[in-house]
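Engineer: This is the structure alone, sequence omitted:
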């Protein structure tokens with residue numbers, strides 16, 4: 001039991017470390033927290049945490065046929081992800097802040113969760129990172145240790161979720177101190193940056209195409 005707890009804590013550290021660098025998902029979480037409130041930002045982050053746990057499960061339980069297929073299709077997935085980022089950036093850019101007292105409905109929360117889940121899943125190279133980390137720790141199901149692999153994956157989700165909980169809570173405190181006009185402009189800036197990430201992803205794919 002103590003060994004599994006230690007593995008769980010290691011997984012939490014991995015999940016926290018993977019989630020912490022601010023990229024398009026982080027900006028999306030920040031933008032949604034500013035525009036719609038703490039709940040929308042947290043649910044958006046939980047979508048990303050779920051995707052991390054799914055990819056961690058594929059790597060940890062040795063599902064090589066799934067990981068191989070996804071990595072082989074990474075060009076198409078990155079294309080979809082780049083286009084989706086452009087769409088989300090434009091949507092964020094055009095979203096007006098609803099003010100500190102705004103509350104979102106269940107439909108909006110479901111969209112927030114599913115959109116970040118799908119967006120995070122468009123980066124299948126994450127599987128390779130998890131596979132390397134898990135193999136380095138010696139806790140993959142390939143070695144017959146399903147309990148340890150499961151504890152590590154659960155830790156990854158909890159660590160990632162902890163980061164998104166802290167980020168959305170901190171941004172919601174800032175949100176309460178900003179007026180609606182400033183919130184709208186911050187939202188527009190985050191939308192531009194998110195769309196920029198999407199354009200950069202599409203440009204990188206175009207540059208990778210062989211010259212005729």
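Structural biologist: Structure's in. What do you need? All of these numbers come straight from a predicted model, not from anything done at the bench.
Engineer: Now stretch 14-27: buried residues?
Structural biologist: Along stretch 14-27, these residues count as buried under the neighbour rule (16 or more other C-beta atoms under 10 Å): 14, 15, 16, 18, 19, 24, 25, 26, 27. Just so you know, the C-beta spots here come from the backbone N, C-alpha and C atoms, and that holds for glycine as well.
Engineer: what secondary structure does the first one sit in?
Structural biologist: Same thing as residue 14. Secondary structure assignment for residue 14 (DSSP: H, G, I helix; E, B strand; the rest coil): helix.
Engineer: was I right about it contacting residue 157?
Structural biologist: No. Between residue 14 and residue 157 there is no contact under C-beta atoms under 8 Å: 10.5 Å.
Engineer: what's the least confident helix or strand in the protein, going by average pLDDT?
Structural biologist: Using mean pLDDT, DSSP states H and E, the weakest-scoring helix or strand in the chain turns out to be helix 64-72, at a mean of 72.
Engineer: same for the helix or strand just after that helix, what does it pack against?
Structural biologist: Sequence order places helix 74-94 as the next helix or strand after helix 64-72, per DSSP states H and E. Packed against helix 74-94 by the contact rule (3 or more C-beta pairs under 8 Å, 6 or more residues apart in numbering; DSSP states H and E) you find helix 24-36, helix 106-121, helix 180-208.
Engineer: what's next to the shortest one, contact-wise?
Structural biologist: Helix 24-36 has contacts (C-beta atoms under 8 Å, 6 or more residues apart in numbering) with 40-42, 44-45, 48, 85, 88, 92, 95-98, 102, 104, 108, 112, 115-116, 119-120, 164, 167-168, 171-172, 174-175, 178, 183, 186-187, 190-191, 193-194, 197-198.
Engineer: Residue nearest the middle of the chain, spatially speaking?
Structural biologist: Nearest residue to the geometric centre of the chain (C-alpha atoms, centre = their mean): residue 48, 3.0 Å.
Engineer: For that residue, which three-state class applies?
Structural biologist: Look at residue 48: counting by three-state DSSP, its state is helix.
Engineer: and it, what is it in contact with?
Structural biologist: Contacts for residue 48 (C-beta under 8 Å, 6+ apart) come out as 19, 25, 29, 116, 117, 119, 120, 160, 164.
Engineer: want to throw those into a markdown table with distance to residue 62?
Structural biologist: A markdown table is the format used below for the contacts of residue 48 (distance: C-beta to C-beta, whole Å):
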| residue | distance to residue 62 |
| --- | --- |
| 19 | 24 |
| 25 | 27 |
| 29 | 31 |
| 116 | 27 |
| 117 | 23 |
| 119 | 26 |
| 120 | 21 |
| 160 | 21 |
| 164 | 28 |
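Engineer: for the chain, what are the low-confidence residue spans?
Structural biologist: 64-65, 67, 95-107, 138-145, 209-212 (pLDDT under 70).
Engineer: Give me the nearest residue to residue 13, chain neighbours excluded.
Structural biologist: Take residue 13 and drop its neighbours on the chain: the residue closest to it by C-beta to C-beta, 6 or more residues apart in numbering is residue 159, 6.1 Å away.
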